[in-house]
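just a sequence and a predicted model for now, questions to come.
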Amino acid sequence: MADDGMLLNFSIPDSGILNKPSFKGGNWKQRQTAKKAAAHWHTKATERLTGVKAPKAPPATVSQCIRPKRLRVSGGDHKNSEDDGAAAAFRPHSDASVVKHPAAKQDTSKGGKQIISSLFSFNPTSITQAQPTKATEEDAPVEPSNAPLTSELDTFTSLGISPTLATHLLKKMELKAPTAIQKAAVAQLIKDDSDAFIQAETGSGKTLAYLLPIVQRLMELSANMKKRKVDESVSRDSGLFAIILAPTRELSKQIANVLDNLLRCAHWLVATTVIGGEKKKSEKARLRKGINILVATPGRLADHLEHTKALDVSNVRWLVLDEGDRLMELGFEDEIQKIVSNLNLRMRAHKDEAARIPGLPAKRTTVLCSATMKLDVERLGEISLKDAVHIRADPADRMEDETEKDQGFFAPAQLKQSFAVVAPKLRLVSLISFLKRAFARKGSVMKAIVFISCADSVDFHFDILTSNLEEEVVSKEDTKEEKDEEVDGKKPKKKPVVQADPTKIAVTHAESPSLSPHTHKVTTYRLHGSLPQSLRTSTLAQFTKNNEPAVLLATDVASRGLDLPNVDLVVEFDPAFAREDHLHRIGRTARAGRDGRACIFLMPGCEEGYVDILKSDRKDGETGIHLGRQDADEILKKGLVTSGVLKDKTEYMEKATDLQLAVERWALASPARLESARRAYQSHVRAYATHIAAERGYFDIKQLHLGHLAKAFALRERPSGMKVPGLRTGAGRENKRPAKIRGAATGANKGAVATKAALDDTKVDDTEDAAKMRKAVRAREKFMRHAGMADEFNLG
Ligand SMILES: Nc1ncnc2c1ncn2[C@@H]1O[C@H](COP(=O)(O)OP(=O)(O)OP(=O)(O)O)[C@@H](O)[C@H]1O
């Protein structure tokens, strides 16, 4: 971010950067002519440098130039000073109210102009009509699609799980019955050594679907050894039998936790993780002590296979590739290829030795888990699987053709989805209102996740939500009062100190005054890939442990596989870059048969077409049953008019405007805050350009109203004044990528070019070659996008 951040701050002083020469010698007339010529040259040169045309006549005030009706804002107050300002400002769809703010002086010197426009004027109107939702549709009970099975016949023991393990599942892990995917996978993997491809929706219990058969088989192995008295039983020295690969450290840790819980009933089996983030020396020491099951990230495992002699993989009989599509997207193909070849080689070399463990299968079973069955997963299958059995929750589900393959991933049936149509200017106030409303009653929503496209934007929204915006306003007014009091000879009261800088990165959670009602407090958390690993881990742990209402602002780092308990609501404040990511995000709620709600914010216009994607989320094709719609006005009324009764029609507009002004004042309070808002805005715009080509029709950057959007980042400048440079993938991230990705990151610039080329591709002739080129550019762009995003994930 550093490079672009500097560009953002780049400003030309009013006086210009070119020194005017002094003129000596010649007669008066000659000196005047020379001065005029130099002045002309100076103006032109400054225009070229700044890109701003010099005004012909002395400039009128901004207000004179733009609109007759305006609201004058002074200091922390926003009282109108001309005509019926308040009414004009809050009048819906009236002329824009534009003023020159006193603070604009300071900023104009930096090359930008400050504009305070009304929130409710010139907003784009929705292109679709709100359909009234029938109460019956809303309340109609829906059979959960990922819940544990309810038939008495469907028990863990009926699948071949031993009574010891089944009792442990029931008594210690409170799991009574298997889910549909567990039923299918456990039955298959216990009886058969064929490779398998497990595909099931989010929150359906895939982790236990592959862990249970492995633990069961190892417990059987141990029992067999005891019976035959070959050895006492399986112990940590007996060998490494299973490896589970996951794309990120967070996921690996989560899998390791579930495994640890399972192994409490088979304490002689030992599991560990090698996922990086700690010294390799300590990982080596653990491997040397001996282990039976290993959870690893591919990079770290490949490294140990090469350099750690103590890691003997000749007995590995189960290899699981979890989140297969993500493993491929993050570019782990080479590592996985290496790992598979290494396992094959060592297994063949030590075939006879393995015979000393009776009951150890002759061949290795490889299990690939993925939500989708796309081309890259097929490729992973080619690398790792042989004659694999396809395991799905519902055996009746068949994927007939290519098109269906892409569509074979659905949201849980019980998940209630809605969309909010919100104009760009209203986005920030609408988000705050939406969350305020969600947390208004204790217990209605305990935990929510808000997905935001990039790390900078997460930081900015975290600061806004954890600031006391009301205090911000009060303290400014108080400063004035304090001065008055001093003049009267009275001692000023002690006022609360307002923090004027963005929150330190080490702070990842804080109370949210603007979301907390009087009855209880709401805590806001943040999570993104630019946070150090230890902080990410502790933040997730704290969010998980918190039994009070809490909201997590996160990038897609929290979208895959994470199992955070009691998440009732997912808000996609920025839509996902691809449908799959959207399904993973909303899948953080409505897990294992529980209820859940998800809402996506869309802007009026082409984004509304995304509703078609939301409709395709349902497997049964019963579109629209749970697809509620809300408009910004409704969100603001419900969230901001807490009495529930509107005094007049514009009351909510007044409150929204107050809120917006408070947020803008917050940003103006310090250069660091303003910088953070600008950075967030800039990264957001860049991230917007990285939607996959197939969905770019819905998220067309050319349709994005940059000026209106700036308001949602508390900015009063026009974007042109901010000098937003060219698009770049992987926006908002510091250049702290792992070495493997750093190479690719050089290509992130190429990715930017690719993105730009792809955006401009409407200009390309529609010949076959042009089509091929576009395809190649998009494929590369996709890769680079993921490379740029790689630091969102902690790669081992
Ligand atoms: N048989 C079961 N009964 C009740 N709850 C279960 C059962 N199996 C798993 N769960 C719970 O369901 C939740 C989701 O499990 P898991 O994380 O394995 O889902 P997943 O299918 O891997 O989801 P994702 O695709 O999002 O990664 C976990 O909290 C887990 O404890």
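Sure, I can see it.

what about the residue in the stretch 301-450 of the chain positioned nearest to the ligand, how many residues nearby?
The ligand sits closest to Ala371 of the stretch 301-450 of the chain, with a gap of 5.9 Å, by CB to the nearest ligand atom. The C-beta positions use only the backbone N, C-alpha and C, and glycine is treated the same way. Each residue near Ala371 was counted by other CB atoms under 10 Å, and the total is 26.

A helix includes it, no?
No: checked against DSSP: H, G, I helix; E, B strand; the rest coil, Ala371 lies outside a helix; its state is coil.

for the closest residue to it other than its chain neighbours, helix, strand, or coil?
Leaving aside its sequence neighbours, Ala371 sits nearest to Phe409 (CB to CB, 6 or more residues apart in numbering; 4.9 Å). With three-state DSSP as the basis, Phe409 sits in coil.

and the gap between Phe409 and Ala693?
Distance, Phe409 to Ala693, by CB to CB, to the nearest Å: 19 Å.

neighbour count: those two, which is higher?
Remark: of Phe409 and Ala693, Phe409 carries more neighbours, 24 against 17, as counted by other CB under 10 Å.

show me the contacts for the more buried one.
Applying CB atoms under 8 Å, 6 or more residues apart in numbering to Phe409 gives the contacts 201, 371-372, 580, 583.

Gly587 touches Gln414, doesn't it?
No: look at Gly587 against Gln414 with CB atoms under 8 Å: they stay out of range, at 12.0 Å.

between the two, which one's more packed in?
Shown here are Gly587 and Gln414; by other CB under 10 Å, Gly587 has more neighbours (27 against 19).

ok, the more buried one - contacts?
Taking CB under 8 Å, 6+ apart, one finds 201-203, 411-412 in contact with Gly587.

biggest separation within the residues you listed, which pair?
Maximum pairwise distance in the contacts of Gly587, criterion CB to CB, is 10.0 Å, between Gly203 and Ala411.

what's Leu706 sitting at in phi/psi?
phi -60, psi -40 (degrees, to the nearest 10).

which pLDDT does the model give it?
With respect to pLDDT, Leu706 has a value of 91.

state the pLDDT value of the closest residue in space to Ile505 that isn't next to it in sequence.
Excluding its sequence neighbours, the residue lying closest to Ile505 (CB to CB, 6+ apart) is Leu531, at 6.6 Å. On pLDDT, Leu531 comes in at 90.

likewise Pro124?
89.

ok, now the one 5 residues further on?
Gln129 is assigned a pLDDT of 71 by the prediction.

also Val487?
For Val487, the predicted pLDDT is 49.

elements contacting the helix or strand where Ser433 lies?
Using DSSP states H and E, Ser433 falls within helix 427-438. Applying 3 or more CB pairs under 8 Å, 6 or more residues apart in numbering; DSSP states H and E, one finds that helix 427-438 contacts strand 447-451, helix 455-466, strand 567-572, strand 596-602, helix 632-640, helix 651-668.

how about the ones you listed in CSV, adding mean neighbour count, mean pLDDT and distance to the ligand?
Below are those laid out as CSV (neighbours: other CB atoms under 10 Å; pLDDT from 0 to 100; distance: least, CB to the nearest ligand atom, whole Å):
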stretch, mean neighbour count, mean pLDDT, distance to the ligand
strand 447-451, 26, 97, 13
helix 455-466, 26, 96, 21
strand 567-572, 24, 96, 10
strand 596-602, 23, 96, 12
helix 632-640, 22, 92, 28
helix 651-668, 22, 92, 34
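
got these as a markdown table, with distance to His307 columns?
Below are these laid out as a markdown table (distance: least, CB to CB, whole Å):
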| stretch | distance to His307 |
| --- | --- |
| strand 447-451 | 38 |
| helix 455-466 | 33 |
| strand 567-572 | 40 |
| strand 596-602 | 44 |
| helix 632-640 | 55 |
| helix 651-668 | 50 |
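
ok, Ala196 - contacts?
Ala196 neighbours (CB under 8 Å, 6+ apart): 185, 188-189, 365-368, 385, 388-391.

make TSV out of these and add secondary structure, pLDDT and neighbour count.
Below are the contacts of Ala196 laid out as TSV (DSSP: H, G, I helix; E, B strand; the rest coil; pLDDT from 0 to 100; neighbours: other CB atoms under 10 Å):
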residue	secondary structure	pLDDT	neighbour count
Ala185	helix	97	29
Gln188	helix	95	19
Leu189	helix	96	26
Thr365	strand	96	22
Thr366	strand	96	23
Val367	strand	96	30
Leu368	strand	95	27
Leu385	coil	92	22
Ala388	coil	93	17
Val389	strand	93	16
His390	strand	91	14
Ile391	strand	93	24
